[in-house]
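Colleague: Here you go, sequence then predicted model.
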Amino acid sequence: MVNKNKAVIWLAVSELHPELTKYCGLGHKRARWGRAHSSLSLWKAGVVICVSLKPVRSGNWSRPGTSHKGMLALLYGDAEKPVETGARAAPGAAEPRPACTCDKKPCGCQKAEVNYAFLHSTDLLPACNGEITTMSFLQDIVDILLQYVVKSFDRTTKVIDFHYPNELLQEYNWELADQPQTLEEILLNCRTTLKYAIKTGHPRYFNQLSTGLDMVGLAADWLTSAANTNMFTYEIAPVFVLLEYVTLRKMREMVGWPGGCGDGIFSPGGAISNMYAMLIARFKMFPEVKEKGMAAIPRLVAFTSEHSHFSVKKGAAALGIGTDSVILIRCDERGKMIPSDLERRILEAKQKGFVPFLVSATAGTTVYGAFDPLIAIADICKKYKIWMHVDGAWGGGLLMSRKHKWKLNGVERANSVTWNPHKMMGVPLQCSALLVREEGLMQSCNQMHASYLFQQDKHYDLSYDTGDKALQCGRHVDVFKLWLMWRAKGTTGFEAQIDKCLELAEYLYNKIKNREGYEMVFDGKPQHTNVCFWYIPPSLRSMEDNEERMSRLMKVAPVIKARMMEYGTTMVSYQPLGDKVNFFRMVISNPAATHQDIDFLIDEIERLGQDL
Ligand SMILES: *Cc1c(COP(=O)(O)O)cnc(C)c1O
């Protein structure tokens with residue numbers, strides 16, 4: 001049926017309504033008629049123009065039973081003259097039907113069936129008369145997304161429909177082709193993609209520090225995509241630039257900088273925020289590095305704990321400082337940096353003639369959830385005049401909680417802070433802020449004055465053209481999700497959500513600390529939601545603590561994890577650390593998780609690990 005010379009749009013309207021007749025030129029409006037009339041001429045000339053329709057407000061204007069045949073008749077038959085509204089419709093069709101009252105969510109009632117098999121992306125806007133097809137298509141996309149969203153929270157669905165990479169490659173044709181696909185295939189692509197996606201909002205998904213799916217955050221992300229703009233200037237992102245200003249100031253206030261003064265930026269993740277901190281710290285000490293490079297300055301060294309995030313080293317590599325210049329400070333048995341070791345290593349580096357320029361303390365380490373002693377570290381940084389950075393990518397969220405924020409005491413003395421709202425606060429990925437205490441430093445460090453973007457003779461306050469602070473040119477709008485969620489929840493809403501996650505972690509800890517078959521990786525109540533433990537299968541329980549036991553224990557977590565993924569019931573992370581063999585790291589950042597889900601996780605680990 002599809003012929004290159006013919007633009008064929010299949011008209012598939014399962015239900016008919018007066019509105020429809022208007023759009024097809026059958027109503028009173030001459031303007032509409034004019035458009036449809038030319039369609040009819042084309043039809044006669046051998047070109048079939050079809051309109052795909054779907055109720056915009058589903059559920060109040062259609063009537064089941066009228067097939068698209070009726071609509072075709074309208075286009076094809078005696079429709080050349082405008083006729084009375086509803087004249088062609090089935091009896092009674094003109095009466096609006098009340099919204100459905102079914103309790104199926106999402107409701108799929110009374111949906112007009114649009115046949116996308118003959119439609120292509122070129123039939124969507126900006127195609128001439130593409131409005132209806134576009135709305136219909138996007139509504140179908142939204143339906144797919146809504147079904148996914150609702151399913152994500154359903155405990156009877158799998159967290160993951162696991163396939164091995166080669167299976168998944170063969171399961172479906174993912175290849176890119178020269179010829180366009182139909183919109184039907186595009187919709188299928190979307191369904192397929194979501195079918196194999198990991199349901200990161202599922203109440204039993206514990207695998208990562210960023211979990212959960214916030215409805216307002218999701219809405220904000222959709223809005224952000226629809227607005228599709230770039231953060232570099234006020235000129236093209238007026239509202240978003242202001243919201244970034246307001247939100248960063250609020251975050252700095254929570255850090256404890258008076259009046260929220262200072263600077264900052266939303267960056268593509270905590271790793272980049274940490275790198276920014278390193279970049280700015282270096283610039284503060286040796287501004288000439290911007291023009292002259294590393295050759296012009298002495299050998300720099302940075303300090304961070306052995307439990308810190310690998311991004312500190314990555315940043316050093318990227319900035320030409322080198323990973324050898326990142327000195328790892330020893331931690332106590334709970335993963336907190338030992339301040340006396342920090343001081344010792346600073347003195348040692350100075351003796352060698354190196355210049356200590358940055359200490360990156362961690363507030364909430366990635367595996368243990370440990371909070372470095374920020375006050376003691378701040379004292380040392382002050383004494384040796386070193387930039388103090390706090391990597392609060394994971395732990396920063398606790399600043400929202402009156403009950404837990406003491407764990408970050410001393411953060412207000414930092415020169416810069418990384419804080420990822422996309423982790424503990426459940427903001428959709430990605431959303432990470434770097435906060436800097438000294439205003440203007442980011443600007444002088446990074447600005448290049450691109451005159452095609454940042455014209456100095458614009459007619460508004462140029463301080464709102466914040467883009468030159470960034471390393472990036474174009475920058476995604478990350479702030480809106482956080483801002484809208486904050487508006488929707490209030491600070492107290494975030495607080496409640498975070499307190500609940502911490503309470504669940506404590507519940508898990510209390511449940512397994514003395515349970516047969518469990519061993520904690522470190523003693524004591526976890527400070528964050530990280531609960532680190534080994535599951536000891538029955539066969540290992542009476543074994544002596546020797547090498548054989550270690551090597552068998554090392555294999556336990558990976559096997560249980562693989563089984564979890566095959567069954568698709570839950571997901572939790574594991575890793576070795578230092579001299580500790582593979583252990584589970586449970587983290588809770590998903591507000592959808594409940595006590596029952598924690599119970600489920602324990603049962604599942606035991607079910608899957610019994611025979612090992
Ligand atoms: C996750 C994490 C990072 C990196 O953040 P991304 O947003 O994944 O780049 C940095 N530091 C710590 C402590 C983290 O837990």
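Modeller: Noted; the coordinates are in hand. Numbering: from 1, shown residues only.
Colleague: so how far does stretch 460-480 reach from one end to the other?
Modeller: 23 Å (CA to CA, to the nearest Å).
Colleague: The stretch 251-400 of the chain against the ligand: which residues are in contact?
Modeller: 269-271, 274, 309, 311, 362, 365-366, 391, 393-394 (CB under 6 Å from any ligand atom). (Each C-beta comes from the backbone N, C-alpha and C, glycine too.)
Colleague: Spatially, which two of these are the most separated?
Modeller: Across those, the longest distance by CB to CB is 16.8 Å; it joins Gly269 and Thr365.
Colleague: Low-confidence regions, the stretch 151-300 of the chain specifically.
Modeller: Residues of the stretch 151-300 of the chain meeting the criterion pLDDT under 70: none.
Colleague: Show the contacting residues for the residue in it that the ligand sits nearest to.
Modeller: Here the stretch 151-300 of the chain gets closest to the ligand at one residue, Gly270, 2.5 Å apart by CB to the nearest ligand atom. Counting by CB atoms under 8 Å, 6 or more residues apart in numbering, Gly270 touches 309, 311, 391, 393-394, 418, 420, 423, 432.
Colleague: Quick one: the strands in the stretch 451-600 of the chain, in order.
Modeller: Secondary structure of the stretch 451-600 of the chain (DSSP state E, counting those that start in this stretch): strands located at 518-520, 531-535, 571-577, 580-586.
Colleague: how much space between Lys580 and Met485?
Modeller: To Met485, Lys580 is 36 Å away according to CB to CB, to the nearest Å.
Colleague: And those two? Which one has more around it.
Modeller: Neighbours per residue, other CB atoms under 10 Å: of Lys580 and Met485, the larger number sits with Met485, 26 against 16.
Colleague: my guess is the more buried one contacts Leu213, does it?
Modeller: No: between Met485 and Leu213 there is no contact under CB atoms under 8 Å: 11.8 Å.
Colleague: Which of the three states applies to Ser360?
Modeller: Here Ser360 is strand, with the state taken from DSSP: H, G, I helix; E, B strand; the rest coil.
Colleague: hey, what's it bridged with?
Modeller: Beta-bridge partners for Ser360, by DSSP bridges, are Thr304, His389.
Colleague: Does it touch Phe310 like I think?
Modeller: No: counting by CB under 8 Å, Phe310 is not a contact partner of Ser360; they are 11.7 Å apart.
Colleague: is it fair to say Thr133 lies in a helix?
Modeller: Yes: assessed with three-state DSSP, Thr133 lies in a helix.
Colleague: Need the pLDDT of it.
Modeller: pLDDT, Thr133: 93.
Colleague: which stretches of the stretch 401-550 of the chain aren't confidently modelled?
Modeller: In the stretch 401-550 of the chain (pLDDT under 70), no residue qualifies.
Colleague: Could you pull out the helices in it for me?
Modeller: Assignment of helices within the stretch 401-550 of the chain using DSSP state H, counting those that start in this stretch yields the ranges 441-446, 479-512, 538-541, 547-567.
Colleague: Lys199: which of those helices is closest?
Modeller: Set against Lys199 and scored by CB to CB, those come closest in helix 547-567, at 12.5 Å.
Colleague: buried stuff in the closest one?
Modeller: For helix 547-567, burial by neighbour count (16 or more other CB atoms under 10 Å) applies to 552-553, 556-557, 560-561, 563-565.
Colleague: what's the angle from that helix to strand 531-535?
Modeller: 110 degrees (axes from the mean of the first three to the mean of the last three CA atoms, to 10 degrees).
Colleague: which secondary structure elements does helix 547-567 contact?
Modeller: Helix 547-567 sits against strand 531-535, helix 538-541, strand 571-577, strand 580-586, helix 595-609, with contacts defined as 3 or more CB pairs under 8 Å, 6 or more residues apart in numbering; DSSP states H and E.
Colleague: how would you label the residue in the stretch 1-150 of the chain positioned nearest to the ligand: helix, strand or coil?
Modeller: Using CB to the nearest ligand atom, the closest approach of the stretch 1-150 of the chain to the ligand is made by Val149 at 23.1 Å. Secondary structure, three-state DSSP: Val149 is helix.
Colleague: burial of it, as a residue count?
Modeller: Neighbours of Val149 using other CB under 10 Å come to 17.
Colleague: same deal with Leu188?
Modeller: 15.
Colleague: How much space separates it from Ile144?
Modeller: On the measure of CB to CB, Leu188 and Ile144 end up 10 Å apart.
Colleague: Same check on Pro526?
Modeller: Distance of Pro526 to Ile144, computed by CB to CB: 39 Å.
Colleague: So which of the two has more stuff around it?
Modeller: It is Pro526, of Pro526 and Ile144, that has more neighbours when counted by other CB under 10 Å, with 21 against 16.
Colleague: List the contacts of the residue nearest the centre of the chain.
Modeller: In the chain, the residue lying closest to the centroid (CA atoms, centre = their mean) is Leu429, at 1.6 Å. Counting by CB under 8 Å, 6+ apart, Leu429 touches 210, 422.
Colleague: do Glu412 as well
Modeller: Residues in contact with Glu412 (CB under 8 Å, 6+ apart) are 255-257.
Colleague: Let's see if you can find the most crowded of those.
Modeller: Counting neighbours by other CB under 10 Å, Val255 leads these with 25 neighbours.
Colleague: I'd guessed Met550 sits against Lys580; true?
Modeller: No: using CB under 8 Å, Met550 makes no contact with Lys580, being 9.6 Å away.
Colleague: hang on, the earlier thing: please work out which of the helices and strands packed on helix 547-567 is packed deepest.
Modeller: strand 531-535 (a mean of 24; mean count of other CB atoms under 10 Å).
Colleague: Return the list of helices and strands in contact with that strand.
Modeller: Judged by 3+ CB pairs under 8 Å, 6+ apart, strand 531-535 is in contact with helix 479-512, strand 518-520, helix 547-567, strand 580-586, helix 595-609.
Colleague: just so I know, which of these lies nearest the ligand?
Modeller: For these, proximity to the ligand was assessed by CB to the nearest ligand atom; strand 580-586 is nearest, at 11.3 Å.
Colleague: what angle sits between that closest one and strand 571-577?
Modeller: 150 degrees.
Colleague: hmm, strand 580-586 in reach of the ligand?
Modeller: No: on the criterion CB under 6 Å from any ligand atom, strand 580-586 is out of touch with the ligand, staying 11.3 Å away.
Colleague: Show the average pLDDT along that strand.
Modeller: Mean predicted confidence for strand 580-586 is 97.
Colleague: residues in contact with it?
Modeller: Strand 580-586 has contacts (CB under 8 Å, 6+ apart) with 206, 367, 505, 508, 521, 529-535, 550-551, 553-558, 572-577, 601, 605.
Colleague: Next, the angle helix 595-609 makes with it.
Modeller: Here the directions of strand 580-586 and helix 595-609 differ by 150 degrees (the same axes, to 10 degrees).
Colleague: Please, where are all the strands along the stretch 301-450 of the chain?
Modeller: 326-329, 355-362, 387-392, 416-419, 432-436.
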